[in-house]
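*Asks:* could you look at this predicted model? Sequence included:
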Amino acid sequence: MWPSLRSGDHAGVEPLEGMPRPGDVLLARFDHALVLHRLRRWEPGAVALRGDNAAHEDPPLPASRVLGRVRRIRRGGVVLESGWDVGPRWLGRLRVAVKWRLAALLGRRGGR
């Protein structure tokens, strides 16, 4: 979720009140972990989430697994009520693409 969320940030999550809007950052329980991702679509029976720097949406998730919405962030001892959610940026997507390509390149070299 970089740059909206950074290493060391603490998210203040509140229970959902009403229908979340696309773009809201939600806390959801996946099989392997709790995840903070952005809402893409809320459909009957399923929710589509995606990390800001992910290439694809997460697998559909039952709405019952959404635990709440991020309302505030504590960063370096300062509580940010607004202004923390800068959304996905081209730099973040570029960073992830370079990281994936580098990992693939190193993986091929390591296998020879």
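*Replies:* Done, it's in.
*Asks:* what residues are up against the residue positioned nearest the centre of the chain?
*Replies:* The structure's the chain has its C-alpha centroid closest to His37; by CA atoms, centre = their mean the separation is 2.6 Å. His37 is in contact with Met1, Val25, Leu26, Ala28, Leu49, Arg50, Gly51, Ala54, Asp58, counting by CB atoms under 8 Å, 6 or more residues apart in numbering. No exception for glycine: its C-beta is placed from N, CA and C like everyone else's.
*Asks:* and if you look at Leu61?
*Replies:* Leu61 touches Ala28, Phe30, Ala46, Val47, Ala48, Leu49, counting by CB under 8 Å, 6+ apart.
*Asks:* buried members of those into ChimeraX, please.
*Replies:* In ChimeraX, a selection of the buried entries from the contacts of Leu61 looks like this (16 or more other CB atoms under 10 Å):
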select :28,47,48,49
